[in-house]
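> Kindly return the folded structure for what I paste below:
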Amino acid sequence: MKTKITFLLALFFIGLNLGFAQQNEECLTKLSIFHEYTKAKNYDAAYEPWMAVRNTCPKFNNAIYVDGEKILEHKIDNAVGTDKVAFINDLLLLWEQRGEHFTSKTPKGEYLAKGCQLVYDNRKELSKSDAELYECFDKAYHYDKETFSNPKSLYTYFSLMVDLYDAGQKPAADLFNKYDDVVEKVEDEVKSFSEKLNKLIEKEDAGTSLTKKEGKYKSYYESYLKAYDQIAGSIDGKLGDRANCENLIPLYRKDFDANRNNAVWLQRAAGKMSQKDCTDDPLFFELVNAYHNISPSANSAYYLGLLKDKEGNTNEAIEFFEQAISLETDSFKKSKLYYRIATKFKAKGNYGKARGYYRQALSLNPSNGRPHIAIAAMYAASANNCGKDNFDKRAVYWLAASEARRAANVDPTLSSAASQSVANYNAKAPQKSEIFSSGKAGQTISIGCWIGSSVTVPSI
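Residues are numbered from 1 along each chain as shown. So this is what the prediction gives:
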């Protein structure tokens, strides 16, 4: 009897394994079919075999979810009414299933945000309120902030907060806190992509060509930096005048005593007042000193430098600015400090000092083209003061064009604006007929004053 039972169990498991093998073979065949249809963008033909594999072998291959997303997005774009709603809900379900069966390939924050964005984009069909949509994004953000990084979703998240504030459903404190949250997240992402791009730029600057794979990565990093640059401007535009001194000062004054030992709150409050040029109010002085006393940092030292600069104590201001730089250990943040300090000197007309700080900023973050643009502008502004005759003075514009061209080459967010600057500077430089009549074609012209550089006259 025991032998008979063992034999029957063996037959059962053999049959079970054969069944699994047959099922896997069918799934493989249909996966190949729907994958080929998807590559050809024939999503309607792909739908039936894809659904068969999805329902029968949900763990078989991640292509079920990668291709399935494209198939369902096509269905959503081409459906109306209840059919469209059904496909939207099915795509939300598909992302849940992907997280269940391919957890390591489905970052939680990223896919929760994708779900929220899908619902937001179809909010009319789904009858969702701003409060419900904001709650969706807020849960995704707090559940997994690390992978909640899509530029569009970050903007939507903040935009909903502004709409709720305007509707009287969120207080000003929540609005400003969320602004800081989202801006800091965007800055973190920009830092991450910039550091990766910098390595490739440094390799190219050293005269080494990028591999095909590196070239693709470079394009990928540049595309994301462009996207983050665009939404950073959109976020500031959406906030608009809501964060003006008339709103900020009474809010921070009211909450100051309760937060005088809260370094994060003090830093954000001082930062916002600095950003919105509310530094003449005595509250800024109190915020900065409280912040520096409990948490001396690069930011607090920089704000103290601003205060000294406001008082006209330039030397003390520079001391605090230098202290800020020495306290900052993060290269990307240090580069931003150099840039901010350089811009202060540029505004005062101290171009030589400003250029030194701009170049320090570039040494730490070469993919940021803004220092190049600023240096080019200072050269152009000095053209009439640096040169012994009209030709040499206008030759300064070639130097400005060269600096602006560098910005276009390294910074994807400035390529268009920098190219326009190059064209503008070249138009102001000596033209071919003037070069011919001067007899200086191919010669090197020394540029004096603070510039202390040289430029080669183009050959004709």
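
> For residue 355, give me its contacts.
342, 375, 378, 450 (C-beta atoms under 8 Å, 6 or more residues apart in numbering). The way it works is simple: take the backbone N, C-alpha and C, and place the C-beta from them, glycine included.

> Where does the prediction get shaky in the chain?
1-23 (pLDDT under 70).

> For it, which segments count as strands?
If DSSP state E is used as the criterion, the strands of the chain fall at 444-447, 453-456.

> Of the ones you listed, which is nearest residue 325?
strand 453-456 (25.0 Å; C-beta to C-beta).

> other SSEs contacting the closest one?
Strand 453-456 makes packing contacts with helix 390-410, strand 444-447 when contacts are defined by 3 or more C-beta pairs under 8 Å, 6 or more residues apart in numbering; DSSP states H and E.

> still on that earlier bit, nearest to residue 428 among the contacts of residue 355?
residue 378 (14.8 Å).

> okay but that closest one is in contact with residue 351, surely?
Yes: between residue 378 and residue 351 there is a contact at 4.5 Å, judged by C-beta atoms under 8 Å.

> What segments of the stretch 151-300 of the chain are helices?
With helices called from DSSP state H, counting those that start in this stretch, the stretch 151-300 of the chain shows them at 151-166, 172-205, 212-239, 245-259, 263-275, 282-294, 298-310.

> Need the contact partners of the fifth one.
If I follow you right, that is helix 263-275. Against helix 263-275 from outside (C-beta under 8 Å, 6+ apart): 176-177, 180, 243, 245, 248-249, 252, 255-256, 259-260, 279, 281, 283-284, 287-288, 290-291, 294-295, 297, 299-300, 303, 306.

> Could I have the buried ones of the residues you listed as ChimeraX selection syntax?
In ChimeraX syntax, the buried subset of the contacts of helix 263-275 is picked out as below (16 or more other C-beta atoms under 10 Å):
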select :176,180,243,245,248,249,252,256,259,279,283,284,287,288,290,291,297,299,300,303,306
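
> What number of residues are in the vicinity of residue 58?
16 (other C-beta atoms under 10 Å).

> rewinding a little: okay if I get the helices and strands packed on strand 453-456 as TSV plus distance to residue 34?
Converted to TSV, these look like this (distance: least, C-beta to C-beta, whole Å):
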stretch	distance to residue 34
helix 390-410	43
strand 444-447	65
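
> Identify, out of the ones you listed, the most deeply packed stretch.
Mean neighbour count, computed with mean count of other C-beta atoms under 10 Å, is highest for helix 390-410 among the helices and strands packed on strand 453-456, reaching a mean of 21.

> Check which helices and strands it sits against.
Right, helix 390-410 is packed against helix 370-381, helix 415-428, strand 444-447, strand 453-456 by 3+ C-beta pairs under 8 Å, 6+ apart.

> and these, which is most packed in?
helix 370-381 (a mean of 22).

> Make sure residue 146 is actually in contact with residue 110.
No: if you go by C-beta under 8 Å, residue 146 and residue 110 don't touch, sitting 9.3 Å apart.
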